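S.K.: whatever this is, show me its structure:
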Amino acid sequence: MGIAENILQINKELPPSTKLVAVSKFKPVEAVQEAYDAGQRVFAESRPQELKMKVELLPNDIEWHFIGHLQTNKIKMVVPYATLIHSIDSERLLVEVGEYARKNGYRLGVLLELHIAQEESKQGFSAEEILDLLDRISADKELQDKFSNITFRGLMAMASFVDDEVQIRGEFSKLLALNEEIRKKGYPFLENFSELSFGMSGDYHIAAEMGSTMVRIGTSIFGSR
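M.R.: Residues are numbered from 1 along each chain as shown. Model (predicted):
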(Lines give C-alpha, C1' and ligand atoms only; values in the text may rest on other atoms or scores of the structure.)
Protein backbone atom coordinates (compact mmCIF):
# COMPACT_ATOMS: atom_id res chain seq x y z
CA MET A 1 0.00 0.00 0.00
CA GLY A 2 1.02 3.59 -0.52
CA ILE A 3 1.28 6.41 2.00
CA ALA A 4 -2.33 7.56 1.58
CA GLU A 5 -3.67 4.03 1.95
CA ASN A 6 -1.52 3.43 5.03
CA ILE A 7 -2.84 6.56 6.72
CA LEU A 8 -6.43 5.61 5.92
CA GLN A 9 -5.93 2.09 7.29
CA ILE A 10 -4.24 3.24 10.52
CA ASN A 11 -6.95 5.83 11.19
CA LYS A 12 -9.58 3.11 10.76
CA GLU A 13 -7.80 1.07 13.44
CA LEU A 14 -7.45 3.92 15.94
CA PRO A 15 -10.25 4.96 18.31
CA PRO A 16 -11.46 8.59 18.08
CA SER A 17 -9.58 9.39 21.32
CA THR A 18 -6.18 8.52 19.76
CA LYS A 19 -4.50 11.03 17.44
CA LEU A 20 -2.17 9.86 14.68
CA VAL A 21 1.17 11.70 14.71
CA ALA A 22 3.01 10.92 11.47
CA VAL A 23 6.74 10.60 12.14
CA SER A 24 8.32 12.10 9.05
CA LYS A 25 11.95 12.11 10.20
CA PHE A 26 14.45 11.15 7.50
CA LYS A 27 11.64 11.18 4.90
CA PRO A 28 11.77 13.48 1.87
CA VAL A 29 9.53 16.51 1.60
CA GLU A 30 7.65 14.79 -1.24
CA ALA A 31 6.59 11.94 1.06
CA VAL A 32 5.37 14.38 3.71
CA GLN A 33 3.43 16.27 1.05
CA GLU A 34 1.83 13.01 -0.06
CA ALA A 35 0.72 12.32 3.51
CA TYR A 36 -0.57 15.89 3.78
CA ASP A 37 -2.55 15.47 0.56
CA ALA A 38 -4.11 12.36 2.13
CA GLY A 39 -5.42 14.50 4.98
CA GLN A 40 -2.68 14.11 7.60
CA ARG A 41 -1.97 17.35 9.44
CA VAL A 42 0.17 16.40 12.47
CA PHE A 43 3.80 15.46 11.80
CA ALA A 44 6.81 14.85 14.05
CA GLU A 45 10.52 15.36 13.51
CA SER A 46 13.52 14.38 15.62
CA ARG A 47 16.29 16.59 14.22
CA PRO A 48 16.15 20.38 14.60
CA GLN A 49 17.68 21.18 11.20
CA GLU A 50 15.28 18.86 9.42
CA LEU A 51 12.29 20.32 11.26
CA LYS A 52 13.25 23.87 10.29
CA MET A 53 13.81 22.91 6.66
CA LYS A 54 10.47 21.10 6.32
CA VAL A 55 8.54 23.88 8.05
CA GLU A 56 9.84 26.30 5.43
CA LEU A 57 9.01 24.03 2.46
CA LEU A 58 5.65 22.51 3.42
CA PRO A 59 2.11 23.91 3.96
CA ASN A 60 1.81 26.30 6.89
CA ASP A 61 -1.23 24.64 8.45
CA ILE A 62 0.80 21.57 9.46
CA GLU A 63 1.04 21.03 13.22
CA TRP A 64 4.67 20.16 13.90
CA HIS A 65 5.77 18.13 16.91
CA PHE A 66 9.34 17.44 18.04
CA ILE A 67 10.09 13.95 19.35
CA GLY A 68 13.88 13.60 19.38
CA HIS A 69 16.43 14.11 22.12
CA LEU A 70 16.84 17.90 22.16
CA GLN A 71 20.20 19.43 22.97
CA THR A 72 19.97 22.80 24.72
CA ASN A 73 22.03 24.52 22.02
CA LYS A 74 19.43 23.52 19.41
CA ILE A 75 16.38 24.87 21.28
CA LYS A 76 16.28 27.97 19.08
CA MET A 77 15.77 25.71 16.04
CA VAL A 78 12.77 23.94 17.56
CA VAL A 79 10.75 26.27 19.80
CA PRO A 80 9.74 28.70 17.03
CA TYR A 81 8.27 25.88 14.93
CA ALA A 82 6.98 23.14 17.23
CA THR A 83 3.50 23.16 18.71
CA LEU A 84 4.46 20.35 21.09
CA ILE A 85 7.78 18.92 22.30
CA HIS A 86 7.23 15.29 23.34
CA SER A 87 10.75 14.67 24.58
CA ILE A 88 11.42 16.87 27.62
CA ASP A 89 13.76 14.41 29.34
CA SER A 90 15.50 16.52 32.00
CA GLU A 91 14.83 19.46 34.29
CA ARG A 92 17.67 21.41 32.69
CA LEU A 93 16.08 21.07 29.25
CA LEU A 94 12.69 22.09 30.60
CA VAL A 95 14.15 25.22 32.21
CA GLU A 96 16.08 26.17 29.05
CA VAL A 97 13.02 25.67 26.81
CA GLY A 98 10.88 27.70 29.20
CA GLU A 99 13.43 30.50 29.37
CA TYR A 100 13.89 30.69 25.60
CA ALA A 101 10.14 30.70 24.99
CA ARG A 102 9.56 33.42 27.59
CA LYS A 103 12.38 35.69 26.38
CA ASN A 104 11.35 35.40 22.74
CA GLY A 105 7.59 35.45 23.07
CA TYR A 106 6.85 31.90 21.94
CA ARG A 107 4.15 29.66 23.43
CA LEU A 108 4.22 25.87 23.13
CA GLY A 109 3.25 22.66 24.86
CA VAL A 110 5.57 20.08 26.41
CA LEU A 111 5.34 16.45 27.45
CA LEU A 112 7.54 15.03 30.20
CA GLU A 113 9.32 11.90 28.99
CA LEU A 114 9.16 8.95 31.37
CA HIS A 115 11.85 6.26 31.05
CA ILE A 116 10.00 2.92 30.99
CA ALA A 117 12.12 0.74 28.69
CA GLN A 118 14.79 -1.73 29.68
CA GLU A 119 17.27 -0.19 27.23
CA GLU A 120 19.52 2.18 29.15
CA SER A 121 20.14 4.15 25.95
CA LYS A 122 16.63 5.59 26.12
CA GLN A 123 16.25 9.05 27.64
CA GLY A 124 13.79 10.24 30.23
CA PHE A 125 12.91 11.00 33.84
CA SER A 126 12.11 8.39 36.44
CA ALA A 127 8.59 8.54 37.89
CA GLU A 128 10.06 9.81 41.16
CA GLU A 129 11.90 12.62 39.39
CA ILE A 130 8.74 13.77 37.62
CA LEU A 131 6.72 13.79 40.85
CA ASP A 132 9.48 15.67 42.67
CA LEU A 133 9.67 18.23 39.86
CA LEU A 134 5.91 18.80 39.83
CA ASP A 135 5.84 19.08 43.62
CA ARG A 136 8.52 21.78 43.53
CA ILE A 137 6.85 23.72 40.72
CA SER A 138 3.53 23.57 42.55
CA ALA A 139 5.10 25.03 45.70
CA ASP A 140 7.23 27.71 44.04
CA LYS A 141 5.63 30.72 42.31
CA GLU A 142 9.01 31.84 40.92
CA LEU A 143 9.47 28.43 39.30
CA GLN A 144 5.97 28.61 37.83
CA ASP A 145 6.82 32.01 36.37
CA LYS A 146 9.85 30.49 34.61
CA PHE A 147 7.42 28.28 32.71
CA SER A 148 4.81 30.95 31.99
CA ASN A 149 5.13 30.49 28.21
CA ILE A 150 4.93 26.71 28.15
CA THR A 151 1.98 24.44 28.87
CA PHE A 152 2.48 21.07 30.53
CA ARG A 153 0.36 18.87 28.27
CA GLY A 154 1.09 15.36 29.59
CA LEU A 155 3.52 12.44 29.47
CA MET A 156 5.46 10.58 26.79
CA ALA A 157 7.22 7.20 26.84
CA MET A 158 8.81 4.58 24.60
CA ALA A 159 8.58 0.89 25.38
CA SER A 160 11.44 -1.53 24.79
CA PHE A 161 11.87 -2.73 21.20
CA VAL A 162 10.75 -6.29 21.87
CA ASP A 163 8.05 -8.65 20.57
CA ASP A 164 6.93 -9.59 24.08
CA GLU A 165 3.44 -8.14 24.45
CA VAL A 166 3.40 -8.82 28.19
CA GLN A 167 6.57 -6.77 28.65
CA ILE A 168 5.27 -3.94 26.46
CA ARG A 169 1.99 -3.79 28.38
CA GLY A 170 3.88 -3.81 31.66
CA GLU A 171 6.04 -0.89 30.57
CA PHE A 172 3.08 1.11 29.27
CA SER A 173 1.33 0.45 32.58
CA LYS A 174 4.09 2.38 34.35
CA LEU A 175 3.13 5.47 32.35
CA LEU A 176 -0.55 5.02 33.14
CA ALA A 177 0.20 4.56 36.85
CA LEU A 178 2.25 7.76 36.98
CA ASN A 179 -0.44 9.68 35.12
CA GLU A 180 -3.03 8.48 37.62
CA GLU A 181 -0.84 9.53 40.54
CA ILE A 182 -0.36 13.00 39.02
CA ARG A 183 -4.11 13.30 38.39
CA LYS A 184 -4.89 12.43 42.02
CA LYS A 185 -2.52 15.13 43.28
CA GLY A 186 -4.57 17.75 41.43
CA TYR A 187 -1.76 20.21 40.72
CA PRO A 188 -3.52 23.49 39.86
CA PHE A 189 -0.99 24.44 37.16
CA LEU A 190 -1.69 21.23 35.22
CA GLU A 191 -5.18 22.06 33.95
CA ASN A 192 -4.15 21.03 30.39
CA PHE A 193 -2.30 17.85 31.41
CA SER A 194 -4.30 15.38 29.32
CA GLU A 195 -2.00 13.84 26.69
CA LEU A 196 -0.40 10.40 26.83
CA SER A 197 2.01 9.95 23.93
CA PHE A 198 2.92 6.28 23.69
CA GLY A 199 2.85 3.70 20.93
CA MET A 200 4.82 3.46 17.68
CA SER A 201 4.62 1.33 14.53
CA GLY A 202 5.36 -1.93 16.35
CA ASP A 203 3.04 -1.48 19.31
CA TYR A 204 0.44 1.17 18.53
CA HIS A 205 -2.45 -1.31 18.62
CA ILE A 206 -1.58 -2.13 22.24
CA ALA A 207 -1.05 1.55 23.09
CA ALA A 208 -4.39 2.63 21.61
CA GLU A 209 -6.18 -0.12 23.50
CA MET A 210 -4.51 1.00 26.74
CA GLY A 211 -5.51 4.64 26.39
CA SER A 212 -2.81 6.43 24.39
CA THR A 213 -4.00 9.82 23.14
CA MET A 214 -1.17 10.10 20.59
CA VAL A 215 0.61 7.36 18.66
CA ARG A 216 3.83 8.27 16.85
CA ILE A 217 3.97 6.25 13.63
CA GLY A 218 6.60 6.44 10.92
CA THR A 219 7.47 3.08 9.34
CA SER A 220 3.85 1.89 9.03
CA ILE A 221 3.07 5.06 7.06
CA PHE A 222 6.20 5.82 5.07
CA GLY A 223 7.94 2.42 4.99
CA SER A 224 11.41 1.56 6.27
CA ARG A 225 14.26 4.02 5.89
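S.K.: pretty sure Pro188 sits against Ser138.
M.R.: Yes: with contact defined as CB atoms under 8 Å, Pro188 and Ser138 form a contacting pair (7.3 Å). In short, each C-beta sits where N, CA and C put it, glycine included.
S.K.: higher neighbour count, those two?
M.R.: Ser138 (16 against 7; other CB atoms under 10 Å).
S.K.: wait, what's in contact with the residue nearest to that one when sequence neighbours are not counted?
M.R.: With sequence-adjacent residues excluded and distances taken as CB to CB, 6 or more residues apart in numbering, Ser138 is closest to Tyr187, at 5.0 Å. Tyr187 sits next to 134, 137-138, 193 when contact means CB atoms under 8 Å, 6 or more residues apart in numbering.
S.K.: try Lys27
M.R.: With CB under 8 Å, 6+ apart, Lys27 has these contacts: 218, 222.
S.K.: for it, what are phi and psi?
M.R.: phi -100, psi 140 (degrees, to the nearest 10).
S.K.: quick check: it vs Met77, distance?
M.R.: Counting by CB to CB, to the nearest Å, the separation of Lys27 from Met77 is 19 Å.
S.K.: Leu143 contacts Arg136, doesn't it?
M.R.: Yes: counting by CB under 8 Å, Leu143 does reach Arg136; the two are 6.3 Å apart.
S.K.: the two: who's more crowded?
M.R.: Shown here are Leu143 and Arg136; by other CB under 10 Å, Leu143 has more neighbours (15 against 11).
S.K.: which element is the more buried one on?
M.R.: Using DSSP states H and E, Leu143 falls within helix 141-146.
S.K.: buried ones in the one helix or strand Glu180 maps to?
M.R.: Assigned by DSSP H and E, Glu180 falls within helix 165-185. Residues of helix 165-185 classed as buried by neighbour count (16 or more other CB atoms under 10 Å): 168-169, 171-172, 174-176, 178-179, 182.
S.K.: make a markdown table out of those and add pLDDT and distance to Lys54.
M.R.: Converted to a markdown table, these look like this (pLDDT from 0 to 100; distance: CB to CB, whole Å):
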| residue | pLDDT | distance to Lys54 |
| --- | --- | --- |
| Ile168 | 97 | 30 |
| Arg169 | 98 | 34 |
| Glu171 | 97 | 31 |
| Phe172 | 98 | 30 |
| Lys174 | 98 | 33 |
| Leu175 | 98 | 29 |
| Leu176 | 98 | 32 |
| Leu178 | 98 | 32 |
| Asn179 | 98 | 31 |
| Ile182 | 98 | 33 |
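S.K.: as TSV, those with distance to Ser197 would be great.
M.R.: Listed next are these as TSV, based on distance: CB to CB, whole Å:
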residue	distance to Ser197
Ile168	15
Arg169	17
Glu171	14
Phe172	11
Lys174	14
Leu175	9
Leu176	13
Leu178	13
Asn179	11
Ile182	15
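S.K.: which secondary structure elements does the worst-scoring helix or strand of the chain on mean pLDDT contact?
M.R.: Within the chain, judged by mean pLDDT, DSSP states H and E, the helix or strand with the poorest mean is helix 141-146; its value is a mean of 91. Counting contacts by 3 or more CB pairs under 8 Å, 6 or more residues apart in numbering; DSSP states H and E, helix 141-146 packs against helix 91-104, helix 127-139.
S.K.: ranking these by burial, who's on top?
M.R.: helix 91-104 (a mean of 17; mean count of other CB atoms under 10 Å).
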